[in-house]
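> pasting the sequence and the predicted coordinates here, then a few questions.
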Amino acid sequence: MDATATPASQAYIQQEARFGARNYAPVPVVVDHAKDCLVWDVEGREYIDMMSAYSSVSHGHLHPRIVAAAQRQMEKVAVMSRAYYGTTLGPLLEKLSEVTGFERALPMNTGAEAVETAIKCARRWGHRVRGIPDGEQRILVARGNFHGRTTTIIGFSSEPEYRIGFGPFCDGFQHFDYGDMESVKAAATQHTCAVLIEPIQGEAGILVPPPGFFQQLRAWCTEHDILLIDDEVQAGLGRTGKWFAFEHEGIRPDALILGKALGGGLLPVSAFCADDRIMKVFVPNSHGSTFGGNALAAAVALEGLRVLQEEGLVEHCAEKGEYLFRRLREVQDEVRPLVRDVRGRGLWIGVDVDPSCATARELVERLAAGGVLSKETHDTVIRFAPPLTITFDLMDRAVEVFRRVALEKHRELGLGRNAV
Ligand code: PMP
């Protein structure tokens, strides 16, 4: 079977497998509870969380201040829908404006919904402001993109696994090669109203754009009156060592999409942020979500943003990220050619495994058996993205496990120093 699961775990694993759809292949660890950067399974084994639910748990699991804010709000009111005003949404929107620099925000729940919001906004803006005939608006997207799982969004994925059998798809998207300005220009038409892009391609394997690309893209979008929409669902709110990944590029997008960590590690909360000149295309009845911006979600998100600010998590991330990166590079040097590359920004690091040596999944399972939670993306990349609260000591422990696992594999392949 697998390295980690034991009989108590097996029962839960089998129950999910028996009654659930088969749309996930989880690492065989059955989590019972968690605190900050540590997780315990049903047998009481301890793990270091080096994945943090794809950036959703940037504050660490069950951050006491965020849990307290949730509890306080649950004593008052949780869900009323946007049919009424509340006491937590306004403060969240104002805080979002303060941290992002955008005048307005539209709250949703999941990342994909915020991306859908961006698409609707860009199209309506393209029609009403730019004068593109309705139905002719085009949005440029990068090959290798990941923006979520709705039918519209997977329709412009370049990944067959995400698409096959799910058509017919929505028209209106054109592809360019990530990081290649000539390819952007070649894909554009006079009906292009927006570029939708990740500042680092996460699911594609933590691909950092070439230096200067975003500056060129920014200038080109400005010149042609095309909206630059930055999907920071995974990259935003400190993950890369700055509040927003676009700051590394020295640019400001026209609109920003946030999710994951915006929910403070407790709830799904997302937002589409833009200035009024763009956001004004939304009027009553043009867009919404029953749960978007509910009182509980807003209270949690607001406290999450305050924690990021007041605990200096973003500034610490830069320093910790550099450390983790350096330590993983050291391991890479010991196990060449097993590890081809280590790349990323802040506490968002991909370890690229040579597929002729091992699959990323195989190493992820061995890491889990050794007490470190990570996750593969595609067949070759292991993702390390711990909570921003991770300590140097825990990073050392996690890297040591990775080193052991990598050296063991290295030896099995007959590549190690002790190989015969
Ligand atoms: N955009 C990006 C850049 C993402 O990484 C993801 C999720 N991995 C999404 C959007 C979709 O978010 P959700 O799963 O919350 O819908």
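Great, that's in hand.

> and the stretch 101-250 of the chain, which residues reach the ligand?
Proximity of the stretch 101-250 of the chain to the ligand, by CB under 6 Å from any ligand atom, involves residues 110-112, 115, 146-148, 198, 202-203, 231, 233-234. C-beta coordinates here come from the backbone N, C-alpha and C atoms, glycine included.

> what number of residues are in the vicinity of the nearest residue to Ala142 once chain neighbours are set aside?
Closest residue in space to Ala142, ignoring its immediate chain neighbours: Tyr178 at 4.1 Å, by CB to CB, 6 or more residues apart in numbering. For Tyr178, the count of nearby residues is 22 (other CB atoms under 10 Å).

> distance check, Tyr178 against Gln190.
From Tyr178 across to Gln190, the span is 23 Å (CB to CB, to the nearest Å).

> got it, and Gly202?
Taking CB to CB, one finds Gly202 at 32 Å from Gln190.

> of these two, which one has the most company?
Between Gly202 and Gln190, counting by other CB under 10 Å, Gly202 is the more crowded of the two (24 against 9).

> quick one: contacts for the closest residue to the more buried one other than its chain neighbours?
For Gly202, ignoring the flanking residues on the chain, the nearest one in space by CB to CB, 6+ apart is Gln234 at 4.5 Å. Shown in contact with Gln234 (CB atoms under 8 Å, 6 or more residues apart in numbering): Tyr54, Ser55, Gly111, Glu198, Gly202, Gly259, Lys260, Trp348.

> also Gly263?
Per CB under 8 Å, 6+ apart, neighbours of Gly263: Ser56, Val269, Ser270, Ala297, Val300, Ala301, Gly304.

> where does Gly265 fall, phi/psi-wise?
Here is the backbone geometry of Gly265 (degrees, to the nearest 10): phi 80, psi 10.

> how about it, what does it touch?
52-53, 56-63, 66, 304, 387.

> residue ranges of the strands in the stretch 251-400 of the chain, please?
Under the criterion DSSP state E, counting those that start in this stretch, the stretch 251-400 of the chain contains strands at 255-258, 270-274, 339-344, 349-353, 372-373, 375-377, 381-384.

> may I see those organised as a markdown table, with distance to Ala78 added?
As requested, the strands of the stretch 251-400 of the chain are exported to a markdown table (distance: least, CB to CB, whole Å):
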| stretch | distance to Ala78 |
| --- | --- |
| strand 255-258 | 21 |
| strand 270-274 | 18 |
| strand 339-344 | 37 |
| strand 349-353 | 36 |
| strand 372-373 | 30 |
| strand 375-377 | 31 |
| strand 381-384 | 33 |
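
> possible to save these as TSV with mean neighbour count?
As requested, these are exported to TSV (neighbours: other CB atoms under 10 Å):
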stretch	mean neighbour count
strand 255-258	28
strand 270-274	28
strand 339-344	21
strand 349-353	25
strand 372-373	25
strand 375-377	20
strand 381-384	26
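
> let's have those in TSV, adding distance to the ligand and mean pLDDT.
Putting these into TSV (distance: least, CB to the nearest ligand atom, whole Å; pLDDT from 0 to 100) gives the following:
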stretch	distance to the ligand	mean pLDDT
strand 255-258	7	99
strand 270-274	7	99
strand 339-344	14	97
strand 349-353	13	98
strand 372-373	17	98
strand 375-377	9	95
strand 381-384	11	98
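
> whatever residue of the stretch 1-150 of the chain ends up closest to the ligand: neighbour count?
Among all residues of the stretch 1-150 of the chain, Gly111 sits closest to the ligand, at 2.2 Å; criterion: CB to the nearest ligand atom. For Gly111, the neighbour count with other CB under 10 Å is 28.

> quick one: mean pLDDT for the helix or strand hosting Ala105?
Element membership for Ala105 (DSSP states H and E) is strand 104-108. Per-residue pLDDT over strand 104-108 has a mean of 98.

> for stretch 289-296, same thing?
The model assigns stretch 289-296 a mean pLDDT of 98.

> quick one: residues in contact with it.
70, 73-74, 76-82, 86-89, 92, 106-109, 113, 267, 297.

> so which of those belong to helices?
Ala70, Gln73, Met74, Leu89, Leu92, Glu113, Ala297 (DSSP state H).

> how much space between the fourth one and Leu96?
For Leu89, the distance to Leu96 (CB to CB) stands at 10 Å.

> so what's the residue count around Pro386?
29.

> and it, what does it touch?
With CB under 8 Å, 6+ apart, Pro386 has these contacts: Cys37, Ile48, Asp49, Met50, Met51, Ser52, Leu324, Leu347, Leu394, Met395, Ala398.

> how about it, nearest residue that isn't a chain neighbour?
That would be Met50: by CB to CB, 6+ apart, it lies 4.7 Å from Pro386.

> phi and psi next, for the one you found.
Residue torsions, per degrees, to the nearest 10, at Met50 are phi -100, psi 20.

> please save the CA atoms from the helix or strand Ala219 falls within in CSV.
For Ala219, the host element (DSSP H and E) is helix 213-224. Written as CSV, here are the backbone C-alpha positions of helix 213-224 (Å, rounded to 0.1, in the frame of the first residue of the first chain):
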residue,chain,number,x,y,z
PHE,A,213,8.6,41.0,-18.7
PHE,A,214,6.0,42.5,-16.4
GLN,A,215,7.4,46.0,-17.0
GLN,A,216,7.1,45.5,-20.8
LEU,A,217,3.6,44.0,-20.4
ARG,A,218,2.5,46.9,-18.2
ALA,A,219,3.8,49.5,-20.7
TRP,A,220,2.2,47.7,-23.6
CYS,A,221,-1.2,47.4,-21.8
THR,A,222,-1.1,51.1,-20.9
GLU,A,223,-0.3,52.0,-24.5
HIS,A,224,-3.2,50.0,-25.9
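
> so, low pLDDT: which residues of the stretch 251-400 of the chain?
Judged by pLDDT under 70, the stretch 251-400 of the chain has no weakly predicted residues.

> how close does Leu413 sit to Arg403?
Taken as CB to CB, the span from Leu413 to Arg403 is 16 Å.

> state the pLDDT value of the residue nearest to Gly202.
Model confidence at Gln234 (pLDDT) stands at 98.

> now it: how far from Thr240?
10 Å.

> overlap in contacts, the two.
Joint contacts of Gln234 and Thr240 (CB under 8 Å, 6+ apart) are Trp348.

> can you count the residues close to Leu92?
Leu92: 26 neighbours (other CB under 10 Å).

> now do the SS call for Leu140.
strand (DSSP: H, G, I helix; E, B strand; the rest coil).

> tell me which element the nearest residue to it once chain neighbours are set aside falls in.
Take Leu140 and drop its neighbours on the chain: the residue closest to it by CB to CB, 6+ apart is Val195, 4.5 Å away. Here Val195 sits within strand 192-197, counting by DSSP H and E.
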